[in-house]
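[1] I'll drop the sequence and a predicted model, then ask my questions.
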Amino acid sequence: MTTLPVLDTLTELFRDVFDDDAIVLTAATTADDVPAWDSLNHISLLVAAEMRFGVKFRTAEMENLKNVGELAALIARLLAQKT
């Protein structure tokens with residue numbers, strides 16, 4: 001899976017977690033761009049992403065992510081490793 005389908009699925013996931021159908025993600029989206037994206041919602045988002053994509057994030061992988069594009073790339077890489 002490439003990052004574009006991952007980004008589309010992440011958009012749906014963000015809308016569910018933040019209960020906001022107006023959210024439109026880009027690769028450059030950061031927590032500063034989503035008003036409700038606090039530390040608690042961040043954890044909820046990561047758990048939801050793990051469940052939706054069937055992947056498991058390691059702390060070291062998550063610490064260096066700067067935006068949604070990097071998260072999508074990480075998910076795509078983890079999915080590729082599963083096949």
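    Alright, I've got the coordinates.
[2] element containing Gln81?
    helix 68-82 (DSSP states H and E).
[3] Kindly report the same for Thr29.
    Applying DSSP H and E, one finds Thr29 in no helix or strand.
[4] Helices of the protein, start to end?
    Counting by DSSP state H, the chain has helices at residues 3-18, 39-53, 59-63, 68-82.
[5] Between those helices, which has the poorest mean confidence score?
    Across these, helix 59-63 has the smallest mean pLDDT, namely a mean of 90.
[6] Report all helices and strands that that one contacts.
    Based on contacts counted as 3 or more Cβ pairs under 8 Å, 6 or more residues apart in numbering; DSSP states H and E, there is no element that helix 59-63 packs against. Just so you know, the C-beta spots here come from the backbone N, C-alpha and C atoms, and that holds for glycine as well.
[7] Among the helices of the chain, which comes closest to Ala27?
    Ala27 sits nearest to helix 68-82 of all the helices of the chain, at 2.8 Å, using Cβ to Cβ.
[8] Work out the gap between that closest one and the centre of the chain.
    Mean-position distance between helix 68-82 and its chain equals 9 Å (Cα atoms, centre = their mean, to the nearest Å).
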